[in-house]
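1. fold the following, please.
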Amino acid sequence: MLKKFSVWLLLAASTFGFGLDRAVAASVDDYPQRPIRLLIPYPPGGAGDIVGRMLSSRLGPALGQQMVNDNRGGGGQIIATQIAANAPPDGYTLFLASATHSINPALRKDLPYDTLKAFIPITLVAQSPLVFVAHPNLKVNNIKELIAAAKSQPGRINYASSGPGTGGHMSVELLSALAGVQLTHIPYKGAGPALVDVVSGQVQMICTSPLPAMPHVKSGRLRALGMTSLERSPAYPDVPAVAETIPGYQSTLWYALLAPLNTPQPIVRKIYNETIKVLAQPQMREQALAMGAVVVGNTPQALQTLLRSEIQMWTQLVKTANIRLDP
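-> Numbering: from 1, shown residues only. Purely as a prediction, here's the structure:
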């Protein structure tokens, strides 16, 4: 009797497992059946929000469903990241991470998620350099002159940022560490007010996205000193790269598509395949270039490698430069 019961139990388990596999396969084949949420860890209007809308407006139709942008700014992007990490792993919540995603674990030891383990990498959507811009009252025309001025008056030159631990803040700290200079950080609650005070001359310089900064350069209200990409940006070929003065300097603003851990691989593959097709569209590349960005579309493995290397770089910088989050 016991033997017959054991055989029945094995058959039932096998049958149930087979049914479960078929159910999963069916859900993958039918994916997506409802709108997909794209969590964006920035308020509306900024460069990251623009990239997110460029992507969702094309990826949604490619997948056959609407993609809804969910802007959750604040908290150093930790708020949106935690929501994404805790979302059901069913393919209906995706996350557009930025370079701050790899800076946070270097600065914050109490993150409510594991940066590398809480997500499945899909692809690097786009990357853009930041640009060092200065008010004309700071009598420098390029990075070489900035370094010379900073060495002659340590701590006297100040710079704004959109907040402690942001890409602009860390890019300046990287420059300071490599050039051996001391600059004074003045953090703001957002890139908008920070840039406004640089344009007005309240603060001497900032490292920020080219999209809002370059119109002020063209009008003469600001002076472009250097791009943070390893080479000159194709969108702004007249602006030298910082690496032309400090070999090897690079600090790009990037945007990557991630999914919560345990999202079924067939769904991840489907999202990846459609995203790569979208990123290859000429209109997408032209629109990105217009805002100073370059579309990428790499493999999940390459994206994971990037995340690891970025975390390692920022962690080393935080340690050697003794960077703290205190204003």
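
2. and the residue nearest to residue 73 when sequence neighbours are not counted, how many residues sit next to it?
-> When the adjacent residues along the chain are set aside, residue 73 lies closest to residue 43, with 3.8 Å between them (C-beta to C-beta, 6 or more residues apart in numbering). Quick note: C-beta positions are derived from backbone N, CA and C, even for glycine. By the other C-beta atoms under 10 Å criterion, the neighbourhood of residue 43 contains 15 residues.

3. contacts only, for residue 43.
-> Applying C-beta atoms under 8 Å, 6 or more residues apart in numbering to residue 43 gives the contacts 49, 71, 73, 74, 190.

4. how about it, secondary structure?
-> When states are read from DSSP: H, G, I helix; E, B strand; the rest coil, the local structure at residue 43 comes out as coil.

5. ok, it to residue 74 distance?
-> In this view, residue 43 and residue 74 are 8 Å apart by C-beta to C-beta, to the nearest Å.

6. residue 132 now?
-> Here residue 132 is placed at a distance of 26 Å from residue 74 (C-beta to C-beta).

7. again, but for residue 182
-> In this structure, residue 182 and residue 74 are separated by 30 Å, where distance is defined by C-beta to C-beta.

8. out of the contacts of residue 43, which are inside strands?
-> Among the contacts of residue 43, the ones falling in strands (DSSP state E) are residue 71.

9. and the contacts of residue 43, which are buried?
-> Buried positions within the contacts of residue 43, assessed by neighbour count (16 or more other C-beta atoms under 10 Å), are 49, 71, 73, 190.

10. surely the third one touches residue 41?
-> The one in question is residue 73. Yes: between residue 73 and residue 41 there is a contact at 6.5 Å, judged by C-beta atoms under 8 Å.

11. isn't residue 253 right up against residue 42?
-> No: Residue 253 sits out of contact with residue 42 when judged by C-beta under 8 Å, with a separation of 11.3 Å.

12. need the residues touching each of those two.
-> Listed as contacting both residue 253 and residue 42 by C-beta under 8 Å, 6+ apart are residue 98.

13. which SS state does residue 310 fall under?
-> Assigned with three-state DSSP, residue 310 falls in the helix class.

14. ok, residue 138 - contacts?
-> With contacts defined as C-beta under 8 Å, 6+ apart, residue 138 is in contact with 146, 149, 157, 204, 205, 223.

15. at 7 Å what do you get?
-> The neighbours of residue 138, taking C-beta atoms under 7 Å, 6 or more residues apart in numbering as the test, are 157, 204, 205.

16. likewise residue 275?
-> For residue 275, the contact set (C-beta under 7 Å, 6+ apart) comprises 59, 122, 123, 257.

17. who wins for neighbours among these?
-> Each of these was scored by neighbours using other C-beta under 10 Å; the highest score is residue 257's, at 26 neighbours.

18. so it, which state does it fall into?
-> Using three-state DSSP as the criterion, the local structure at residue 257 reads strand.
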